[in-house]
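In: Got a predicted model here, sequence first, then my questions.
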Amino acid sequence: MAADPILARINEAVQLHHAQGRRDDARDLFAAIWQDIAGEQGDPLHVCVLAHSMADVQDDVHDELLWDRRALAAAAHLTDERVAEAGVPLSKAALYPSLHLNLADCYRRLGDLDSARTHLREAHDRMDALGDDPYAQLIRTGLTTLTHQLGEP
């Protein structure tokens, strides 16, 4: 199976942000890729992964929320077959905890605590799709932190 070239470019932008601290350059590369994939009309896997990553480089929480909502909407159109074909080592279901966690955090920062709690519950409810690896632990830690921030038991 050949590596997905769009996902490879998205990963380049992710590395610009996370490994090199070049947030603006990452945002510019994400924007160029967004144009190349025809935005929300593109392959749902590309839209989901790009939007999920683009949210992380936004300066305004409203913009971050917009990208996170795009990622969640695109995930609804994914199949496990498409995810596997692209070489992504997760199932479609395993994407949802992180998507909902990010939405919950955006809503918390915007003061919409009801929506934050709704997405926090969705993330918790979908955790069984994750294994016991560093990625799953990262999501669990984020859920624990957000649960405490929202004053949930």
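Out: Thanks, I have the structure now. Computed from a prediction, not measured in an experiment: that's the story for all the values here.

In: residue ranges of the helices in the protein, please?
Out: 5-18, 23-36, 44-55, 61-75, 80-85, 96-110, 113-125, 134-149 (DSSP state H).

In: what's the residue closest to the geometric middle of the protein?
Out: His52 (3.1 Å; C-alpha atoms, centre = their mean).

In: Next, the contact list for it, please.
Out: By C-beta atoms under 8 Å, 6 or more residues apart in numbering, His52 lies in contact with 67-68, 71, 98-99, 102. In short, each C-beta sits where N, CA and C put it, glycine included.

In: try it again with 7 Å
Out: With contact set as C-beta atoms under 7 Å, 6 or more residues apart in numbering, His52 has these partners: 71, 99.

In: what's the spacing between it and Asp132?
Out: Using C-beta to C-beta, to the nearest Å, one gets 22 Å for the distance from His52 to Asp132.

In: Help me confirm that Met54 comes into contact with Asp68.
Out: No: using C-beta atoms under 7 Å as the test, Met54 is too far from Asp68 to be in contact (9.2 Å).

In: Can you give me the neighbour number for Thr141?
Out: 10 (other C-beta atoms under 10 Å).
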